[in-house]
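[1] Quick one: sequence and predicted model below, then my questions.
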Amino acid sequence: MKKIILLMVCILFMGMPIITQAAELKDYIVQANGTSDVKINLFDYWLQEGSDAVDPEGRENFGINQNHLLLFHFLTQEIENGTNRIVKEFGRWNAWEEGEQWLPVTGMVEPVLDENGYPVLSISEEEITATNWLNTRKNESLEYLFNPEIEVPYRKAYRNVKGLFQKSAGRGDYYSSYENFAEYNQESNEFILYNKPAINGVRAQGQFFPFNKGEEVFDIDETSNQLIAKNINSNNAVLNHYLGMTLETEFTQPEKGQAQNEETKQEQDMIFTFTGDDDIWIYIDDILVADLGGIHNALTAEINFATGKVTIKPSDDTAISPTTTKEYFLGDIYNKITDKYSEQYMQENFIKETDVAGTTTKYTYKDNTSHTLKIFYLERGNTDSNLEASFWPSIKGKIPTDEETPTTPQEPIKDETNPETSDIFIIAICAIIISMIGFLAIARFYKYKIKNNQ
């Protein structure tokens, strides 16, 4: 009976016209198959309801800016008597400056997280007093921006968001806005990754605006069925600017700070990289190891755990110079925080090596020591929103418990005394028949054409 039904379906199918289904956005989604156990919280901030393309008058007193030193606003270079007015009124930490576009504003936050695990502003009283509009405000914890467990006006928090990272044998777990547009889906509480980037930045195509939908930034070419990015610039009013994100995970220092590359089968230095064009503060064991604060062009922080070397540089290779590049060792950062970490801690957790001249060549964590990584990210301007992050090798893949371990389903027992004809065999016969009918139809078409031409 089963065989007869399949043959009937096949015959009916042969009489039906072939219909090509129109492509949909869901057809261009890529799988987020990252294995790292990274906790991500996502935040949406605003100054006023509706579009954020134009700042309200008195922007420092609206929305998430109220009573705070750290401002979210539309950044324009307003010149007044030869001086950047935004810097004068709102401080260097709130403005993009052309002359320092490839440099972070370091020292904006304390080198140690507070007792609740959040950065604390550390802007000098002199700088605060010099501003025209913020001189009565005080340094404070940024918990109001980054703690998802508290209620904050003009902010929405989304906890434990999944689906941002893909896995690569040679790159570990990674996300790049230059490769995949990421859309946040509130219903599933996860990112949707498309197979192409979207939104034109000032210097790069591919921006991070997770609160925008794929339909807002993509079209589908009906002729080629290709996903096409709309011609939208990063300051377009359709975009939802002003956002934040935290990433937190634990990792263990591998032997010699290296792991085997699954592609090359060679040992490779463990390296984490992060890129952003506004604030990125990276803490390991609550110590600030990479300070990319401020509003600037896209900067990259690279941490090599084999040597302990940290490199901060422009993401654009053409902008790299001795002036725009900074290098140092992890151990040197911890040594400066003597009130937080004792000499005993340094001995238990760090290893230092020097060459014959006494120059440090390695100052990193000891093998098999465990550490906590916390990353705080903000997009405070109203233009570009670059984001890249990669962990190689992938950090701490989740190991299923016994309850979570999938069981292999049993194969159905076949009655060998009266075996049924294989479904695959019937489908194959149908495919051959359909192909023959198609061939005969084409042959008849050309025969008819030749006859008419004669």
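    Everything's here; your move.
[2] Ser51 - that's part of a strand, no?
    No. Applying DSSP: H, G, I helix; E, B strand; the rest coil, one finds Ser51 to be coil, outside a strand.
[3] which ones are touching it?
    Ala237 (Cβ atoms under 8 Å, 6 or more residues apart in numbering). Yep, even glycine has a C-beta here, placed from its N, CA and C like the rest.
[4] gap between it and His241?
    From Ser51 across to His241, the span is 10 Å (Cβ to Cβ, to the nearest Å).
[5] Please name the residues that touch Gln48.
    Counted by Cβ under 8 Å, 6+ apart, Gln48 has contacts Pro56, Phe62, Gly63.
[6] what's the closest of those residues to Asn147?
    Gly63 (17.9 Å; Cβ to Cβ).
[7] Is it correct that the closest one is in contact with Val152?
    No. Between Gly63 and Val152 no contact is recorded; they are 10.8 Å apart, counting by Cβ atoms under 8 Å.
[8] out of the two, which sits in the busier spot?
    Taking other Cβ atoms under 10 Å, Gly63 and Val152 do not tie; Gly63 has more neighbours (19 against 16).
[9] And Gly99, its phi and psi?
    phi -70, psi -20 (degrees, to the nearest 10).
[10] wait, Arg380
    In terms of degrees, to the nearest 10, the main-chain angles of Arg380 are phi -100, psi -10.
[11] Can you tell me the SS state at the residue nearest to the spatial centre of the chain?
    The chain has Tyr175 as the residue nearest its centroid, 4.4 Å off, counting by Cα atoms, centre = their mean. When classified by three-state DSSP, Tyr175 comes out as strand.
[12] How about Asn297?
    coil.
[13] Grab the nearest non-local neighbour of it.
    Excluding the flanking residues, the one nearest Asn297 by Cβ to Cβ, 6 or more residues apart in numbering is Gln101, at 4.7 Å.
[14] Would you mind measuring from the one you found to Lys352?
    Relative to Lys352, and taking Cβ to Cβ, Gln101 is found at 35 Å.
[15] what does Asp279 give?
    For Asp279 relative to Lys352 (Cβ to Cβ), the value is 30 Å.
[16] Also Trp96?
    38 Å.
[17] neighbour count winner among those two?
    Counted by other Cβ under 10 Å, Trp96 and Lys352 do not tie: Trp96 has more neighbours, with 23 against 15.
[18] Could you grab the helix/strand/coil label for that one?
    Classified using three-state DSSP, Trp96 is coil.
[19] can you give me phi and psi for it?
    According to degrees, to the nearest 10, Trp96 has phi -90, psi 130.
[20] I'd guessed it sits against Arg380; true?
    No. Applying Cβ under 8 Å, one finds Trp96 not in contact with Arg380, separated by 9.9 Å.
[21] what sits in contact with each of those two?
    Jointly contacting Trp96 and Arg380 under the rule Cβ under 8 Å, 6+ apart are Ile295.
[22] pLDDT weak spots in this structure?
    Across the chain, the ranges flagged by pLDDT under 70 are 1-22, 76-77, 339, 396-454.
[23] care to break it down by domain?
    Following automatic domain parsing, the chain resolves into domains at 2-21+424-453, 31-392.
[24] Now for the nearest residue to Ala229 once chain neighbours are set aside: which residues touch it?
    Excluding the flanking residues, the one nearest Ala229 by Cβ to Cβ, 6+ apart is Ala198, at 4.3 Å. Counting by Cβ under 8 Å, 6+ apart, Ala198 makes contact with Phe181, Gly206, Gln207, Gly214, Val217, Phe218, Ala229, Lys230, Ile232.
[25] Counting neighbours, which of those comes out on top?
    Within the contacts of Ala198, most neighbours by other Cβ under 10 Å means Gln207, with 28 neighbours.
[26] That one against Gly381, yeah?
    No. Using Cβ under 8 Å, Gln207 is not in contact with Gly381, being 11.7 Å away.
[27] would you turn the contacts of Gln48 into a markdown table with distance to Glu140 and secondary structure?
    Listed next are the contacts of Gln48 as a markdown table, based on distance: Cβ to Cβ, whole Å; DSSP: H, G, I helix; E, B strand; the rest coil:
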| residue | distance to Glu140 | secondary structure |
| --- | --- | --- |
| Pro56 | 23 | coil |
| Phe62 | 18 | coil |
| Gly63 | 17 | helix |
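[28] thinking again about what came up before, figure out the helix or strand that the residue nearest to Ala229 lives in.
    Counting by DSSP states H and E, there is no helix or strand that carries Ala198.
[29] all strands for the stretch 251-400 of the chain, in order.
    Taking DSSP state E, counting those that start in this stretch as the test, the strands found in the stretch 251-400 of the chain are 258-260, 267-269, 271-276, 280-284, 287-292, 299-304, 309-314, 326-329, 350-354, 360-365, 370-379, 387-392.
[30] JSON lines for the ones you listed, including distance to Tyr45?
    As requested, those are exported to JSON lines (distance: least, Cβ to Cβ, whole Å):
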{"stretch": "strand 258-260", "distance to Tyr45": "37"}
{"stretch": "strand 267-269", "distance to Tyr45": "37"}
{"stretch": "strand 271-276", "distance to Tyr45": "16"}
{"stretch": "strand 280-284", "distance to Tyr45": "16"}
{"stretch": "strand 287-292", "distance to Tyr45": "19"}
{"stretch": "strand 299-304", "distance to Tyr45": "21"}
{"stretch": "strand 309-314", "distance to Tyr45": "26"}
{"stretch": "strand 326-329", "distance to Tyr45": "29"}
{"stretch": "strand 350-354", "distance to Tyr45": "38"}
{"stretch": "strand 360-365", "distance to Tyr45": "35"}
{"stretch": "strand 370-379", "distance to Tyr45": "9"}
{"stretch": "strand 387-392", "distance to Tyr45": "16"}
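[31] Quick one, which of the ones you listed gets closest to Gly91.
    With Cβ to Cβ as the criterion, Gly91 lies closest to strand 370-379 of the strands of the stretch 251-400 of the chain, at 15.3 Å.
[32] Need the residues that contact the closest one.
    Here strand 370-379 makes contact (Cβ under 8 Å, 6+ apart) with 113, 117-119, 142, 145-146, 208, 241-253, 272, 274, 276-286, 365, 385, 387, 389, 395.
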